[in-house]
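Participant: Sequence first, predicted model second:
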Amino acid sequence: MTRFSAEVEGVVQRLRDGMADGVLSFPLTSFREDGALDLESYRAYLTAQLATAPGAVFPACGTGEFSALDEDEYRAVVEATVEIAGGRLPVVAGIGYGWAQAVRFARIAEEAGADAALVLPHYLVEAPQDGLVEQLRRVAAGTRLPLIAYQRGPVAFTPEGLRRIAEISTVVGLKDGHSDLDRLQRLTLVAPDGFLFFNGAATAEIQARAYATVGVPAYSSAVHAFAPEIADAFFAALHKGDEATVTKLLRDFYVPLVELRDRVPGYAVSLVKAAARLRGLPVGPVRAPLTDPGPADLADLEKVLDAGLNLVGAVRRLG
């Protein structure tokens with residue numbers, strides 16, 4: 001018997017189905033060269049992204065530069081996402097900072113029609129488990145939206161902490177960005193039935209096989225933001241047990257991409273945005289404090305991207 005209300009359980013089931021059927025999309029937010037939000041370009045970009053049928057869409061999260069958006073911009077992005085998604089897949093909006101500000105964003109997302117919210121790690125401070133639990137309790141008290149906690153950076157739950165947040169009636173899952181599989185296995189073992197887990201490591205495909213061994217096969221994909229055909233080919237190969245294709249994609253595309261990503265802080269977002277621009281997608285530059293890649297890194301990125309696209313083309317021809 002589910003512990004969720006009927007309304008929350010409906011969202012959870014849609015998320016569960018989406019996680020089984022495709023990658024989780026974290027779209028970029030489009031800006032103009034002067035730094036202003038470019039909502040028209042975002043709508044065009046997102047329409048193309050959702051045409052590839054991801055399992056769910058997470059606007060205004062880390063890849064979408066949540067921390068660079070003011071509240072009016074945030075509202076516009078979430079509203080556009082809900083409209084374009086049209087109920088075809090769940091929309092999970094990013095919220096964050098301290099609990100009071102997270103509630104403000106949650107209420108905006110709620111008014112905009114989002115189905116759920118991803119609670120991004122709080123700002124800067126280290127906190128004990130009691131504080132991490134209280135943060136989620138206060139956010140949950142301020143919104144009707146189902147919540148997914150994101151552990152990364154200063155947020156890391158113990159099994160007891162996970163048990164306690166899972167008792168909050170609208171906390172429905174956990175996104176993991178620490179990649180500590182021993183800890184993650186312990187968390188999955190104390191979680192109640194129906195609690196959602198997914199792999200939120202940077203370039204999550206690199207560790208997708210490892211996460212699956214501890215019962216967490218679902219993952220988010222930054223690559224989907226600029227090359228959904230590569231992300232979808234990897235997902236299909238992984239779920240079919242096509243180890244040869246998985247290995248080729250990891251060796252010839254994902255590992256070189258990660259090596260390039262690790263050259264400069266912030267490339268986990270700005271390199272993704274640069275790759276989208278290389279493909280003609282209308283996303284514009286990143287906002288400070290992120291910086292766009294220079295010419296040498298762009299040239300290397302283009303080579304990596306071409307290798308991935310060529311490999312997917314070869315896989316399709318053989319298939």
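Facilitator: Alright, I've got the coordinates.
Participant: For the rest of this, base every contact and every neighbour count on C-alpha atoms.
Facilitator: Noted.
Participant: Contact partners for Glu71?
Facilitator: For Glu71, the contact set (Cα atoms under 8 Å, 6 or more residues apart in numbering) comprises Phe105.
Participant: and what of Lys248?
Facilitator: Residues counted as contacts of Lys248 (Cα under 8 Å, 6+ apart) are Leu311.
Participant: Give me the pLDDT for it.
Facilitator: Lys248 is assigned a pLDDT of 96 by the prediction.
Participant: Give the buried residues for the strand or helix carrying it.
Facilitator: Applying DSSP states H and E as the criterion places Lys248 in helix 243-249. Under the neighbour-count criterion of 16 or more other Cα atoms under 10 Å, helix 243-249 has Thr245, Val246, Thr247, Leu249 buried.
Participant: for the residues you listed, which one is nearest Leu145?
Facilitator: Using Cα to Cα, Val246 is the member of these that sits closest to Leu145, with 35.9 Å.
Participant: The closest one contacts His239, correct?
Facilitator: No - the criterion here is Cα atoms under 8 Å, and Val246 misses it with His239 at 9.8 Å.
Participant: any idea where the strands of this protein begin and end?
Facilitator: 24-25, 56-57, 92-95, 116-119, 147-151, 171-176, 196-199, 220-221 (DSSP state E).
Participant: For the third one, name the packing helices and strands.
Facilitator: This points to strand 92-95. helix 99-112, strand 116-119 (3 or more Cα pairs under 8 Å, 6 or more residues apart in numbering; DSSP states H and E).
Participant: Run me through the strand neighbours of it, direction for each.
Facilitator: strand 116-119 (parallel) (DSSP bridges).
Participant: Output the partner strand as PDB, restricted to C-alpha atoms.
Facilitator: What follows is strand 116-119, C-alpha atoms only, in PDB (Å, rounded to 0.1, in the frame of the first residue of the first chain):
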ATOM      1  CA  ALA A 116       7.200  18.200  -8.900                       C
ATOM      2  CA  ALA A 117      10.300  20.000  -7.700                       C
ATOM      3  CA  LEU A 118      14.000  19.000  -7.400                       C
ATOM      4  CA  VAL A 119      15.500  20.500  -4.200                       C
END
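Participant: Now find how far off-centre it is within its chain.
Facilitator: Its chain's C-alpha centre and that of strand 116-119 lie 11 Å apart, by Cα atoms, centre = their mean, to the nearest Å.
Participant: same question, stretch 298-306
Facilitator: 23 Å.
Participant: Any stretches of the stretch 51-200 of the chain with poor pLDDT?
Facilitator: Judged against pLDDT under 70, the stretch 51-200 of the chain has no low-scoring part.
Participant: now the helices: where do they sit in it?
Facilitator: Under the criterion DSSP state H, counting those that start in this stretch, helices of the stretch 51-200 of the chain are mapped to 71-85, 99-112, 129-141, 159-166, 181-190.
Participant: Mind giving me the packing neighbours of the third one?
Facilitator: When you say that, I think you mean helix 129-141. On a contact count with 3+ Cα pairs under 8 Å, 6+ apart, helix 129-141 meets helix 99-112, helix 159-166.
Participant: Let me know which of those is the nearest to Ala204.
Facilitator: helix 159-166 (21.8 Å).
Participant: Can you say which of the strands of the chain is packed in most?
Facilitator: Among those, strand 92-95 has the highest mean neighbour count (mean count of other Cα atoms under 10 Å), at a mean of 30.
Participant: Mind listing residues that contact that strand?
Facilitator: 56-62, 66, 78, 102-103, 105-106, 109, 114-120.
Participant: from the chain's centre, how far out does it sit?
Facilitator: 10 Å.
Participant: got it, and stretch 257-265?
Facilitator: 18 Å.
Participant: for stretch 284-296, same thing?
Facilitator: Chain-centre distance of stretch 284-296: 20 Å, with Cα atoms, centre = their mean.
Participant: tell me how far the ends of it are from each other?
Facilitator: One end of stretch 284-296 sits 19 Å from the other (Cα to Cα, to the nearest Å).
Participant: Next: stretch 30-45.
Facilitator: Start and end residues of stretch 30-45 are separated by 8 Å (Cα to Cα).
Participant: tell me the average confidence for that stretch?
Facilitator: 98.
Participant: Check stretch 305-319 too.
Facilitator: pLDDT averaged over stretch 305-319 gives 89.
Participant: Any buried residues in that stretch, and which?
Facilitator: Buried residues in stretch 305-319, counted by 16+ other Cα under 10 Å: Leu305, Ala307, Gly308, Leu309, Leu311, Val312.
Participant: will you turn those into TSV that also has distance to Gly161?
Facilitator: Formatted as TSV, the buried residues of stretch 305-319 follow (distance: Cα to Cα, whole Å):
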residue	distance to Gly161
Leu305	40
Ala307	43
Gly308	40
Leu309	42
Leu311	43
Val312	42
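Participant: Tell me the one of these nearest Glu259?
Facilitator: Set against Glu259, the nearest of these by Cα to Cα is Leu305 (13.1 Å).
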